[in-house]
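In: Turn this into a structure:
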Amino acid sequence: MNPTVATPPGLDLSAPAAALRDLAWRAEQAGLNAAASPRETLIEGWLLRLSPGKARRSRCINALGTTGQLPIDELLARSRRSFEQAGLPVLMRMTPFSQPPELDAWLASRGWKAFDPSDVKVMPSLELLDTSDGQEASPLMALTREAYADQVGRLRGSTPEEIHGHAERLRTAPVPHQAFCLQADDGSPLAYGQIAVDGSIVGLFDIMTSPEHRGQGHGYRLCAALLRTARQQGASEAYLQVAADNTPAQSLYARLGFQHAYRYHYRSDDPRAWP
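Out: As a prediction, the model looks like this:
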């Protein structure tokens, strides 16, 4: 391998700060569990997820570790064949935990384009949830997984296949997802979100405010209500994933009390996978 290729700006794979290292690793594991795909396989320690949809985490390789039995070229070739059979472009998710450690630089040296840096943020204690602004607790309406996938998919402009794939992932996920909608007094939808409670840790997923209601504080109200719901179910800490360049969401989560744990990004040598 060639570990000398520099990582482009914004694609930092630095290890989590020492104080958050354990929680960061548990957030990574919980995120993988919560995003489990009905179509996945292991090849030499790499987790391949092969479900269609907009969410890249459901159709990528997570390089969790290798047995050392295959050269990386052969391991990638075998992985590529699995993606081709599924009709998907090969896609790697690169994190500070990816193995082998020099894999990101090795891929870069072979022309694999890097894109979509995202941050994993954690809240070490749900007791830290900031309610000092005086906003009252907001009621949530529970949605079925199918209704949630359909409504959020429409907001995203997803295809029917992508909506179906999202609903299927939610139905088969080993960690149950609970979908909710924050409504206005007249019953119209304001924002959508999900929680996935995995023991003591909860993940927030697919947080989305309807376009016409953005910038009015509904995202904060929704997330605060979701975290309170999770706390009532026994969760004591939380995590989420957010695009590195999503400034409004980054500000929202900081206001809630989330801290930066680590950054990840994707790589592919197939233009079909590029943004």
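
In: what's across from the most centrally placed residue in the chain in the sheet?
Out: Against the mean C-alpha coordinate of the chain, by Cα atoms, centre = their mean, the closest residue is Q241 at 4.8 Å. Here Q241 sits in beta bridges with V120, going by DSSP bridges.

In: Quick check, pLDDT for it.
Out: Q241 is assigned a pLDDT of 98 by the prediction.

In: please renumber so the chain begins at 36
Out: Fine by me, first position is 36 from now on; the one you just mentioned is Q276.

In: Correct me if wrong: it contacts G66.
Out: Yes. Counting by Cβ atoms under 8 Å, Q276 touches G66, with 6.6 Å between them. Bear in mind the C-beta positions are built from the backbone N, C-alpha and C, glycine included.

In: which stretches of this structure have low pLDDT?
Out: 36-44, 165-173 (pLDDT under 70).

In: For it, list the residue farthest from the centre, please.
Out: Distance-from-mean max, the chain, by Cα atoms, centre = their mean: D221 at 31.9 Å.

In: residues contacting that residue?
Out: Residues counted as contacts of D221 (Cβ atoms under 8 Å, 6 or more residues apart in numbering): none.

In: Next, find the distance separating it from N281.
Out: As judged by Cβ to Cβ, to the nearest Å, D221 and N281 stand 29 Å apart.

In: go on, A71?
Out: Plainly put, A71 is 24 Å away from N281 if you go by Cβ to Cβ.

In: Pick out whichever of those two has more residues nearby.
Out: A71 (17 against 13; other Cβ atoms under 10 Å).

In: Confirm the more buried one sits in a strand?
Out: No. Using DSSP: H, G, I helix; E, B strand; the rest coil, the assignment for A71 is coil, not a strand.

In: That one and T101: what is the separation?
Out: From A71 over to T101 the distance is 21 Å, taken as Cβ to Cβ.

In: likewise W81?
Out: 7 Å.

In: For the two, indicate the residue with more neighbours.
Out: When W81 and T101 are compared for neighbours, W81 comes out ahead with 23 against 16, by other Cβ under 10 Å.

In: How much space separates the more buried one from Q104?
Out: Counting by Cβ to Cβ, the gap from W81 to Q104 is 12 Å.

In: now do S286
Out: S286 is 46 Å from Q104, by Cβ to Cβ.

In: Quick check: chain neighbours aside, which residue is closest to A202?
Out: A184 (3.8 Å; Cβ to Cβ, 6 or more residues apart in numbering).

In: Now the phi/psi pair for the one you found, please.
Out: phi -60, psi -40 (degrees, to the nearest 10).

In: residues touching it, list them.
Out: Neighbouring residues of A184 by Cβ under 8 Å, 6+ apart: I198, H199, H201, A202, L205.

In: Same check on Q218?
Out: Going by Cβ under 8 Å, 6+ apart, Q218 touches P174, M176, P224, L225.
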